[in-house]
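Participant: What follows is a predicted structure for the sequence shown.
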Amino acid sequence: MISFIYDGERMEGRVRTDHADKYKLPVSYSVTLNGVFFDYLTRNNGAWQSAEEHPQDLVDAIGNCIDQTE
């Protein structure tokens, strides 16, 4: 479960591993926010990226939540 404030609004959701590497370490995550599928997130060279176009600060906020739960 993740929870954070973005643009003055409380965002809550779930993150689950979507794909893992051969060592069973997470490579991409499926993200649901406020009950609606948001996107898939991956980390590329230390930066969080989404499969679809979203504001980078929102993607970073979600990525920060993922970092805190690992």
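Facilitator: Here it is on my side, so go on.

Participant: Quick one: the helices in this protein, in order.
Facilitator: Remark: helices assigned in the chain by DSSP state H are 56-69.

Participant: which residues of it score low on pLDDT?
Facilitator: Of all residues in the chain, none has pLDDT under 70.

Participant: angle of the lengthiest strand in it against helix 56-69?
Facilitator: Longest strand of the chain, by residue count under DSSP state E: strand 9-20. Here the directions of strand 9-20 and helix 56-69 differ by 70 degrees (axes from the mean of the first three to the mean of the last three CA atoms, to 10 degrees).

Participant: So which elements touch strand 9-20?
Facilitator: Here strand 9-20 touches strand 2-6, strand 26-33, strand 36-44, helix 56-69, going by 3 or more CB pairs under 8 Å, 6 or more residues apart in numbering; DSSP states H and E. Every C-beta, even on glycine, is put in place using the N, C-alpha and C of the backbone.

Participant: Let's have these in JSON lines, adding mean neighbour count and distance to residue 12.
Facilitator: Formatted as JSON lines, those follow (neighbours: other CB atoms under 10 Å; distance: least, CB to CB, whole Å):
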{"stretch": "strand 2-6", "mean neighbour count": "13", "distance to residue 12": "5"}
{"stretch": "strand 26-33", "mean neighbour count": "17", "distance to residue 12": "7"}
{"stretch": "strand 36-44", "mean neighbour count": "14", "distance to residue 12": "11"}
{"stretch": "helix 56-69", "mean neighbour count": "15", "distance to residue 12": "10"}
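
Participant: closest one to residue 16 among these?
Facilitator: With CB to CB as the measure, strand 26-33 is the member of those nearest residue 16 (5.2 Å).

Participant: which outside residues touch that closest one?
Facilitator: Strand 26-33 is contacted by residues 11-21, 37-42, 62, 66, 70 when judged by CB atoms under 8 Å, 6 or more residues apart in numbering.

Participant: now stretch 41-52
Facilitator: With contact meaning CB under 8 Å, 6+ apart, stretch 41-52 is reached by 15, 27-29, 31, 39-40, 59-60, 62-63, 66.
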